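> based on what follows, work out the 3D shape:
(one chain, ligands or ions: 2)
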Amino acid sequence: MYLNNIKRGSVLLTLVFLLVACQQQQSAAKKTYPLHYSDAIFGTTFTIKVSNLPDSVSTKEVRGQVKQLLDNLNAHMSTYQPDSELSVINANQSNDWLSVSTPLYTVLKQAQKISELSSGAFDITVGPLVNLWGFGPDPISFVAPADTVIKQHLTTLGYQNLLFNDKNQTIKKTIAELYLDLSAIAKGYAVDQVGLLLESLGITDYMVEIGGELKLKGHNISNKPWRIAVEKPSAGNRMIQKVLPLSDISLATSGDYRNYFELEGVRFSHTIDPRTGKPITHKLASITILSDTTMKADALATALMVLGSEQGFELAEQQNIAALFIIKTDDGFVEKASSSFVARLR
Ligand code: ADP
Ligand code: MG
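Ligands and ions are numbered 1, 2, ... in the order given. Presented below is the predicted three-dimensional model:
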């Protein structure tokens, strides 16, 4: 069936639904950051703010090094770039052990851990279904996949089919067609790496954001914790749900209200439930995770988004995950914060 009446929720490939609220402070409005750098990467945008720039470091130097780092990570992990390291692995339809670079191996291993933790709710081998539903690098077909096609795709995925050998940093696909998609974790890893780069240059106070995934260190320009606004989940006007004062922490969000398409009133999210092969449909509007690394926060946000507000909340409590759930109700939204989230903000 061809979908008519399609509304793309967003031209962005990833969600950016966090507003940095520090500008709202009257006192901060007059001060400008010594480094405030935004550009496009990974089919989305990034923003870096530095509150204190050491005299020995020029903004030009930082920008150049950040751009180089991000371009390099893209060359490892993009599924949009046919010659990236990941695309070459995806194209290699063999059961051979394959050598993998350190950045890619790190991200694949972390992805595997989150898959195990979430009993497969998070699964980077879900890529073919992401593409099938029109959210991947392939041109959007506007075709609602038939159940038989979905079922057939389900037989060629599963994180358990990716094996690791830590000794020589190699991986092996037990199913030759296995296709890996790091869209739900690579942005987080990139944020962490940009943070490390800034720290190596002697920068102690910064905010790094890529496609809505953030790392916050030290203080903002007003010498206060960074103020991060979690947006109210709605596709229309951007409104603030909650402002969080944060330092020395990472934050990621997943939500279904910006990247989706709609067919005759039914909304299809870009988050796929690997157990059904279909976009998630439950009433969890968005989820925000606080963690020590952005990579973990990014992947956990998608994992709990798939699990939903009940199973996801249970897992958050069990594993001490700091998670804020925003749930749709008939007359608005309700919030549910895990104990760990409440404790982190205290
Ligand atoms: P969000 O901010 O909503 O989490 P991301 O861009 O971080 O958005 O992650 C969504 C992307 O993750 C999708 O576009 C898809 O490529 C991929 N994805 C979808 N479902 C899953 C899943 N269950 N496990 C891992 N990755 C997924
Ligand atoms: Mg994410």
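> and for Gly188, the neighbour number?
Burial measure for Gly188: 32 neighbouring residues, criterion other CB atoms under 10 Å. (Glycine included, C-beta is placed from N, CA and C.)
> name the nearest residue to it, ignoring sequence neighbours.
Asp298 (2.8 Å; CB to CB, 6 or more residues apart in numbering).
> which helices and strands does the helix or strand where that neighbour lies pack with?
Here Asp298, judged by DSSP states H and E, is contained in helix 294-318. When contacts are defined as 3 or more CB pairs under 8 Å, 6 or more residues apart in numbering; DSSP states H and E, helix 294-318 sits against helix 102-117, helix 186-200, strand 213-217, strand 249-255, strand 284-291, strand 322-329, helix 339-345.
> quick revisit: and the residue nearest to Gly188, what pLDDT?
pLDDT recorded at Asp298 is 97.
> can you check Leu15 too?
In this model, Leu15 carries a pLDDT of 30.
> so what's the residue count around the closest residue to Leu315 other than its chain neighbours?
When the adjacent residues along the chain are set aside, Leu315 lies closest to Leu307, with 6.2 Å between them (CB to CB, 6+ apart). Each residue near Leu307 was counted by other CB under 10 Å, and the total is 23.
> before we move on, what about the one 5 residues further on?
Residues near Gly312, counting by other CB under 10 Å, number 26.
> how close does it sit to Gly255?
For Gly312, the distance to Gly255 (CB to CB, to the nearest Å) stands at 13 Å.
> same question for Gln241.
Using CB to CB, Gln241 is found at 11 Å from Gly255.
> got the helices and strands packed on helix 294-318 as JSON lines, with distance to ligand 2 and mean pLDDT columns?
Conversion of these to JSON lines gives the following (distance: least, CB to the ion, whole Å; pLDDT from 0 to 100):
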{"stretch": "helix 102-117", "distance to ligand 2": "11", "mean pLDDT": "98"}
{"stretch": "helix 186-200", "distance to ligand 2": "6", "mean pLDDT": "98"}
{"stretch": "strand 213-217", "distance to ligand 2": "6", "mean pLDDT": "96"}
{"stretch": "strand 249-255", "distance to ligand 2": "5", "mean pLDDT": "92"}
{"stretch": "strand 284-291", "distance to ligand 2": "9", "mean pLDDT": "92"}
{"stretch": "strand 322-329", "distance to ligand 2": "13", "mean pLDDT": "92"}
{"stretch": "helix 339-345", "distance to ligand 2": "17", "mean pLDDT": "93"}
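> can you tell me which of the ones you listed is nearest to Pro225?
Checking the helices and strands packed on helix 294-318 against Pro225 by CB to CB gives strand 213-217 as the closest, at 7.8 Å.
> in the stretch 51-200 of the chain, which ranges drop under the pLDDT threshold?
Applying pLDDT under 70 to the predicted model, the residue ranges of the stretch 51-200 of the chain that meet it are 138-143.
> tell me which residue of it lies closest to ligand 2.
Ala184 (5.2 Å; CB to the ion).
> verify the contact between that residue and Leu304 for me.
No: Ala184 sits out of contact with Leu304 when judged by CB atoms under 8 Å, with a separation of 11.5 Å.
> list the residues that contact both of the two?
Ser254 (CB atoms under 8 Å, 6 or more residues apart in numbering).
> distance of the residue nearest to Leu315 from Phe333?
Look at Leu307 and Phe333: by CB to CB, they are 19 Å apart.
> hmm, Glu177 is touching Gly158, no?
No: taking contact to mean CB under 8 Å, the distance of 11.3 Å between Glu177 and Gly158 leaves them out of contact.
> near ligand 1, which residues of the stretch 151-300 of the chain?
When proximity is defined by CB under 6 Å from any ligand atom, the stretch 151-300 of the chain lies next to ligand 1 at 181, 183-184, 187, 212, 253-255, 270-272, 274, 298.
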